[in-house]
Each structure stands twice: as C-alpha cells, then as structure tokens.
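Engineer: Below: sequence and its predicted model.
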There are 2 protein chains.
Amino acid sequence: MTRAEAAHQAPASVVGRPQPFTGEEYAARLGRVQAAMAERSLAGLVVVDPANIHYLTGYNAWSFYTPQCLLVPADGLPHLFARSMDAQGARHTAYLDRHHVHGYPEHLVHRPDIHPFDWITDRAVELGLLTDTPDAQFAAETDAHFFSPRGYLALQARLTRAALVDSRELVNWVRVVKSPAEEEMLRAAGAIAQQVMLAALDAVAPGRRQCDVVADIQHAQALGSGGLGGDYPAIVPMLPTGESAGTPHLTWSDAPLALGEATTIELAGVYQRYHAPLARTVSLGQPPERLARCAEAVSEGMEAALEQLRPGSTGRAAHAAFTTVISRHGLTKESRIGYSIGIGYPPDWGERTVSLRAEDETELVAGMAFHVILGMWMDGWGYETSEPVIVGRDGAEQLTHLPRGLTVKA
Amino acid sequence: MTRAEAAHQAPASVVGRPQPFTGEEYAARLGRVQAAMAERSLAGLVVVDPANIHYLTGYNAWSFYTPQCLLVPADGLPHLFARSMDAQGARHTAYLDRHHVHGYPEHLVHRPDIHPFDWITDRAVELGLLTDTPDAQFAAETDAHFFSPRGYLALQARLTRAALVDSRELVNWVRVVKSPAEEEMLRAAGAIAQQVMLAALDAVAPGRRQCDVVADIQHAQALGSGGLGGDYPAIVPMLPTGESAGTPHLTWSDAPLALGEATTIELAGVYQRYHAPLARTVSLGQPPERLARCAEAVSEGMEAALEQLRPGSTGRAAHAAFTTVISRHGLTKESRIGYSIGIGYPPDWGERTVSLRAEDETELVAGMAFHVILGMWMDGWGYETSEPVIVGRDGAEQLTHLPRGLTVKA
C-alpha cells in the first residue's frame, strides 16, 4: 500500500463530532516525520512511544505492556511489530494492512532467555527495514516509556556495522504543532475536563473518603460530555489532601476528607487519546490566610503566563512572567509551570518536548498546546490551579472555562 | 538506619482491615533479595520496576513517568533516587529516612542533552553504592517498564571496569511467594473484584454505550467493598464487544451495545496495589451455539486447570490439563492460560515470572497467586472467563465466587 492508497482509507466522519483523522492527515504526519529523518540521514526510525505509534498509524490498544514498535523507513509506509494476539487486532484501529503488521509468537512473552526484540529485529532485517551496513544510520526512541534496555540491546546486537543513534524525540517534536482536526479533539477533551472537574468539586465534602471522590471523577471521565464518550486518562486522578497536599503525585487512599483541610485535584478530560488536564484546589471550610493569599498570587501569575502563550513568545518568557508576579507576593517556584500536551498514554499525558521553564527557548507557534500547571507544593500544604490551552494566532485559547481561584466549601 | 531500626517503624494496624506490612516484613523481603544477590555475587542491584520498589520500601506514588530507581546494596538499607519533588514526598509512603532518599534537580526532567540517570549514577558513586572496580558486579532490571535505554546507557557509561549484568527479574522472583499479610491484601482485592464485576454485569444492557459501562465499573473500583476503598488498577477495564470481542486489549469506545452481541469484560479489584483480576462474558440476547458451547468447554477446562494449582504441580501441568479438556471439544488455545499476580502498577498487573503454559516448569508452592485467564479469541468473536487464586496447601483458593459461565441477559 502506498501513501496515496492510505489516503483513500479515510474513516467516515460522524455527525456532530470532531472529525476522525483522514488518510491525508496520516500521510502528512508520516511525511513530516520522514522529512525530519532525511535531514538527519536516517535509514529508519524505531518508534516505541505508544502516543507516537498512535499518531502515525491510529493504532490504539492496551498492548504496550509487552514489547512493540513501529519501524518507520526512510520512504514508504511504516511496519508495526507486536505480540501475535495484538497484531491480529491491529486492523481495528490502525490503517496499516496485514503486510505491514507483524506478530511475534506468544512463547516469547516474559521469557528470561529470549526477548521479543530478538524476533522483531530478525524480521525487520528479513523485510529489508534494517540493513547492517556501515553507511546506514538508524535511530531509536531511547527514552520512550516501554522501551526496555533489553529490547534496545537486542536491536543493537544486530547492528554491528550500521549506526544506532538516539531519536532525540523526533516524532514527539513533529507532534508539537497540532492540525485543525487535532485542535478539535483537544476542544472535545476540554469540554470533558470541565464537566469532570465540576463533578469533582461537587464530590468533595467532609466525611467523604478520597476514594468516593475518585469514584465520582472516574465515572464522569468515562461518561464524557455532550454525547462524546470519555477515554481513559494517562494518569489517574490525584487528590492529595491536608498535610499531603504539599506532595505531588500521591494517589488516593480511603481516608475521609476533613473540615479545615484543603485538597488539590488534578485530572484530565480525554477524548480519543487527546488530553485536556485540569487542576483546582478546594478548601473545606475557611482557608488559612497563607492558602488564600497563595491562591490570589497564583491567579495573577496565571494571567501573566497566559499572556505570553502567543506565537513568537517562548516557554522561558511565560515562566518569567509567572515568577515575576509571584515573587512580588514573596513566593517562588522551582519546577516548570507547564508542558506540551496532545495524545497521551499511561504513565504521562505530557509530550516530553516543550516545557514552560527558564531553560526553554523554543519559539511558540500557533497550534501548540500546553497544560499550564501552577503547583505550589509547600511544607505541609499545597495549592494547584491549571489551564489547558491551545496557542492561537491571537494568543492562548482556553479549553476550559471554570473560575480559576480557590474553591471554598463551608 | 539499620534493618532492626526499620523493623521498629512498623505502621500501626487498622481495625477490621488487612494489616499493613510491618517493619519486620520489609526487613524479611530485603533479606531475601540480598540473599539472592549474594548467591550471584552482586555488589548492588538497580531496581526500577515500581512494583519492586513498592515491595521493598512501601514507596507509592505516580512518579514513575520520570526516571527513578532503588539501589539495593549487598548489605544495609536501599537508597531511593527520584525527582526532587517526589523525593520530598517519599516519607508519606516509604519507610526510608531522608538519608536514604535522594532527589535529582528539576531541571534534569525531559532534557535532550542530560538524563536524570547521569545524576543518579554520580550520586550513587559518591555514596559508595556503585564502585567501578574490576571485581564488582552490579545488576539492573533491564526489562522493567520505565527503565529506558538512555537511563541504562548512563549507568553503563560509569561502570567501565565493573560488570553490569541483567537482574533476570531477581526481585520479581522473590515476590512470587506471598506472605500471610500479602494474602490478606489479595483477599481484600478479590472481594472488591467480585463487587466490581457484579456492577459491570448489571451495567451491560442494549443501547448503553461502552463508556457508560466503564463509568459504572470505575466507580465501583474506587468505592471498593466492605468499607475498604479501592485502589487504581494497573490496566483499565477492557470490554471488547461484538466483532471486536475476538481481539484482546482493545479499550472502550462510546459505541452503544447491541442486542445479539457478546461483550467480554476484564477488570480488577485492587486493594493497596494488590490486584485480583477477573473476567467474564455477557451475551445480550440468546448466544449463538458456538459461543454457548465454547463457554461450557472452557468452564470444564477451568476446573481441570484449577485442580492443578497445588503445591508440587507446575504451570505446564495446569496448561496441559486445560488444553486436554478443550481439545476434546475441538478447541485450541495458543497463548498462556495465566500468570503470577500480586502488586501491580500500570501498564501490567502480572508479575512477569511464572506463566501457566507448556514451557513453564516452575514448581508451584503454597503462597503463589495466579490469574487463571481463559481468553478464547476467535475470528470475529470471543469468550473470556477467569479466576484469581492463591495456591494453598490443599489446592487453589479462589478469591472471588461468581458463577463462571456465560452470563445471558435478554
């Protein structure tokens, strides 16, 4: 199948929904990746990040817990390698025909003596996708989740003469600028995120357990919004409470929420793998002065940061704008204030490319999307608020529209 | 802090709940790992699998999307290395004191030019945990999820004289036999799984969307059972339906369920990271003959497989017992019929050790736990049923107690 043929396999559109991606869009994505490969004289690219595989082929299944990869040649369609039982089902989601999907035998799964990447590498050599010649240079996604060293070493062992280099997130960087159809997916995700956060804010009450609130959040995440069903988030809902609100990334317990405590809530609305993450903080009862002041300062800082999310600006400028504001209020924040978003798979909904921080000089362009997340993790307390946005020609387009400050429930 | 001191940091027990693990239990786990290391003359072990880190220290956070590891020395307490913001919060879950937890600076996150494992390796050398001498041999979990090749190569680059070998899942193999306290966790997980499956079977109805059923499942998963709150599962609920029921690992859509279609449901009940996975199949309307017959054959096969899950038997024997039964009914199954379970983190709730399949000769002993999963993925249809069990002295102890066959809803 050629790229032109792939373009004819466009899925039918569904009325009232964001348009699924056309064959033309997949062809354009592949074209951009292969152009970037050509610039680096790459004969092939081993793609392991499930978000990158999905971006390039539509492939979508919870199969990334066993080794799999997409091999993108310098020219022509990519080849998907997966466990046999998953390869058989790839046609449900990927546009690739059966000649471009290869399943490794079941007996290779979870074996100490042999690795699926041994098989994948052999097959790729047979297919002519890997050529072990001194002039050939291949790249692999050496920092992708789900690409284990054992898999990498199996690949390296077969390339004794050819060079194997780091992809430096080549596909992730192609993903940074969204197409109009992707922007529609993000808007749908934003509508879901807003609905889910409303359910979460409603659910938080004294005496309810953290897991009860999560039950309501996850219910809302799957229901979706406006007739669009929700997809699963790359990260489970986080709601550190009370003293632990000073700690990011703690998952829930079944301890009850108490009056006088604040809870930071971070969740996402997800539509067809596109993520709109969103964070808010709820205080049960009147908040302590330090929390109320922090919330006000951070809201002001958010305005300043969003102002900078326009074409021609940088992540560095957005970070500087935020820190200038909060430093006037005597606050500091060491970690980044946001990152690029789009397609997400567990364990992360960030794209691992542009960060909003002092060290990032990437020029912002229209079509980028960010989660601007202002997490203030203090000693024994914390505050979080965030906005998912698309960089538009005239500035930041917010994907959700909820009051930004501290929610106080008496 | 010594092992004996660690033993004194036992968490307080909670009435009516499975006992949290004592300091003695953590000390015993570490002792078993270090004994296995001594057998292989390992000066240190780099543990990356979040389930292994949790098993050895109690550490539990959604922090595995950035590099982290536990360095277990030949003797003495292990050291945890994580992103600075996560290291600060480690005390909420891990028993390690601050001298055994090391946070790398925020600016190392998602950078193309430098990797957190560069910092981790340097710090481990400073601490004397890594020694680059010709007589030293270190092992790393080269097939763990979340250990990227880039991290591995940073470690390897610092060990120019010492040997760096594959851990061969050393900690996973120590985890295979559960303690009495762990068995209690699994029983709590089983009670939750049963509750969740009842909610799922109730939710499936013609016209309801797949995502509506998932909403109910996820709600029930977090609520838990009998006052015990549910924890998040390592894998999202799967419910391939109709033609796609022949495909494992497909996640849900917002398409409505239709009369005349069957849905296979796979989910887990989770208590404090311990998983009891469970699968059933529902037919909306009278099932076709082939599905009804398949369900009967598989139920008979399940009985035969469970018979073999007793001390002294093997995964090979369980697999053979199952295949003998179904082959009498003209059915075959290529893939394994089960795997070891316990602690789980995304993307997998299996332990990556013992499989119930022809190639596995591991002798079963009391305290092992398995998910016996009989997935029959046919061309355009499918059937699944499963049981999570503990291998007891007298045979398999089922963790759930639901009718095993096909559920028919008219």
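Structural biologist: Here it is on my side, so go on. Since this is a predicted model, take the numbers as computed values, not measurements.
Engineer: So is the lengthiest helix in chain A next to chain B?
Structural biologist: When chain A is parsed with DSSP state H, its longest helix is helix A:180-203. No. Judged by CB under 8 Å from any CB of the partner chain, helix A:180-203 makes no contact with chain B; its nearest approach is 10.6 Å. The way it works is simple: take the backbone N, C-alpha and C, and place the C-beta from them, glycine included.
Engineer: Chain A: strands as residue ranges?
Structural biologist: For chain A, the strands defined by DSSP state E cover A:44-47, A:69-73, A:79-83, A:101-104, A:137-140, A:163-166, A:262-271, A:274-284, A:338-345, A:348-355, A:369-377, A:382-392, A:395-398, A:407-409.
Engineer: mind giving me a markdown table with these and columns for distance to A:Ala304, mean pLDDT and mean neighbour count?
Structural biologist: Shown next, in a markdown table, are the strands of chain A (distance: least, CB to CB, whole Å; pLDDT from 0 to 100; neighbours: other CB atoms under 10 Å in any protein chain shown):
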| stretch | distance to A:Ala304 | mean pLDDT | mean neighbour count |
| --- | --- | --- | --- |
| strand A:44-47 | 38 | 98 | 26 |
| strand A:69-73 | 40 | 98 | 25 |
| strand A:79-83 | 45 | 98 | 24 |
| strand A:101-104 | 49 | 98 | 21 |
| strand A:137-140 | 39 | 98 | 22 |
| strand A:163-166 | 36 | 97 | 15 |
| strand A:262-271 | 21 | 97 | 27 |
| strand A:274-284 | 18 | 98 | 26 |
| strand A:338-345 | 13 | 98 | 25 |
| strand A:348-355 | 17 | 96 | 24 |
| strand A:369-377 | 11 | 95 | 25 |
| strand A:382-392 | 13 | 97 | 24 |
| strand A:395-398 | 12 | 98 | 18 |
| strand A:407-409 | 22 | 96 | 17 |
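Engineer: Of all those strands, which one comes closest to chain B?
Structural biologist: Among the strands of chain A, the nearest to chain B by CB to the nearest CB is strand A:348-355 (3.9 Å).
Engineer: show me what contacts A:Arg98?
Structural biologist: Taking CB atoms under 8 Å, 6 or more residues apart in numbering or on different chains, we find A:Arg98 in contact with A:Arg91.
Engineer: and chain A, what are its domains?
Structural biologist: A:3-175, A:180-409 (automatic domain parsing).
Engineer: for those, which one ends up most surrounded?
Structural biologist: Stretch with highest mean neighbour count among those: domain A:180-409 (a mean of 21; mean count of other CB atoms under 10 Å in any protein chain shown).
Engineer: mind checking the end-to-end distance for that domain?
Structural biologist: For domain A:180-409, the first-to-last residue distance is 39 Å (CA to CA, to the nearest Å).
Engineer: So what sits opposite A:Ile265 in the bridge?
Structural biologist: Judged by DSSP bridges, the bridge partners of A:Ile265 are A:Arg280.
Engineer: I figured it was touching A:Pro277, is that so?
Structural biologist: No. Under the criterion of CB atoms under 8 Å, A:Ile265 is not in contact with A:Pro277, lying 11.0 Å apart.
Engineer: close enough to count as contact, A:Ala305 and A:Phe322?
Structural biologist: Yes. A:Ala305 lies in contact with A:Phe322 (CB under 8 Å); the separation is 4.3 Å.
Engineer: what is in contact with these two at once?
Structural biologist: With CB under 8 Å, 6+ apart, A:Ala305 and A:Phe322 have common neighbours A:Ile337, A:Leu374.
Engineer: which stretches of the stretch 101-250 of chain A have low pLDDT?
Structural biologist: Across the stretch 101-250 of chain A, nothing is flagged by pLDDT under 70.
Engineer: cutoff 80 now
Structural biologist: Applying pLDDT under 80 to the stretch 101-250 of chain A flags the ranges A:112, A:245-246.
Engineer: Please enumerate the helices of it.
Structural biologist: A:116-126, A:149-158, A:170-175, A:180-203, A:210-223 (DSSP state H, counting those that start in this stretch).
Engineer: any bit of the third one sitting next to chain B?
Structural biologist: No. For helix A:170-175, no contact with chain B is found by CB under 8 Å from any CB; the gap never falls below 9.6 Å.
Engineer: Go through that helix and list whatever outside residues touch any part of it.
Structural biologist: Here helix A:170-175 makes contact (CB under 8 Å, 6+ apart) with A:29, A:32-33, A:36-37, A:40, A:45, A:47, A:49, A:51-52, A:55-56, A:139, A:141, A:342-343, A:351-353.
Engineer: near chain B, which residues of the stretch 151-300 of chain A show up?
Structural biologist: So the stretch 151-300 of chain A meets chain B at A:151-153, A:166, A:168-169, A:209-212, A:214-216, A:218-224, A:228-232, A:235-236, A:238, A:244, A:246-254 (CB under 8 Å from any CB).
Engineer: circling back: chain B next: which of the contacts of helix A:170-175 are close?
Structural biologist: Applying CB under 8 Å from any CB to the contacts of helix A:170-175, those adjacent to chain B are A:Arg352, A:Thr353.
Engineer: Distance from the chain centre to stretch A:236-243, please.
Structural biologist: Relative to its chain's centre, stretch A:236-243 lies at 20 Å (CA atoms, centre = their mean, to the nearest Å).
Engineer: Start and end of it, how far apart?
Structural biologist: 20 Å.
Engineer: Show me what it is in contact with.
Structural biologist: Against stretch A:236-243 from outside (CB under 8 Å, 6+ apart): A:200, A:210, A:213-214, A:217-218, A:221, A:246-252, A:255, A:257-258, A:261-267, A:380-382, B:62, B:232.
Engineer: show me what contacts A:Leu45?
Structural biologist: A:Val33, A:Met37, A:Leu71, A:Val72, A:Phe138, A:Ala139, A:Ala140, A:Glu141, A:Ser167, A:Leu170, A:Val171.
Engineer: pretty sure the third one is in contact with A:Leu129, am I right?
Structural biologist: Think A:Leu71. Yes. Assessed by CB under 8 Å, A:Leu71 is found in contact with A:Leu129 at 4.9 Å.
Engineer: Now the common contact residues for these two.
Structural biologist: Joint contacts of A:Leu71 and A:Leu129 (CB under 8 Å, 6+ apart) are A:Gly44, A:His79.
Engineer: Name the nearest residue to A:Arg17, ignoring sequence neighbours.
Structural biologist: A:Leu228 (6.4 Å; CB to CB, 6 or more residues apart in numbering or on different chains).
Engineer: Specify the beta-bridge partners of that neighbour.
Structural biologist: Under the criterion used (DSSP bridges), A:Leu228 bridges to A:Ser225.
Engineer: What's opposite A:Met376 in the beta bridge?
Structural biologist: Counting by DSSP bridges, the residues bridging with A:Met376 are A:Tyr383.
Engineer: Correct me if wrong: it contacts A:Leu406.
Structural biologist: No. The criterion here is CB under 8 Å, and A:Met376 misses it with A:Leu406 at 11.4 Å.
Engineer: Mutual contacts of the two, please.
Structural biologist: In contact with both A:Met376 and A:Leu406: A:Tyr383, using CB under 8 Å, 6+ apart.
Engineer: so how far is B:Glu266 from the closest residue to A:Thr66 other than its chain neighbours?
Structural biologist: Among residues not flanking A:Thr66 along the chain, A:Arg83 sits closest, at 4.8 Å (CB to CB, 6+ apart). Going from A:Arg83 to B:Glu266 by CB to CB, to the nearest Å gives 16 Å.
Engineer: A:Glu296 too?
Structural biologist: Counting by CB to CB, the gap from A:Glu296 to B:Glu266 is 47 Å.
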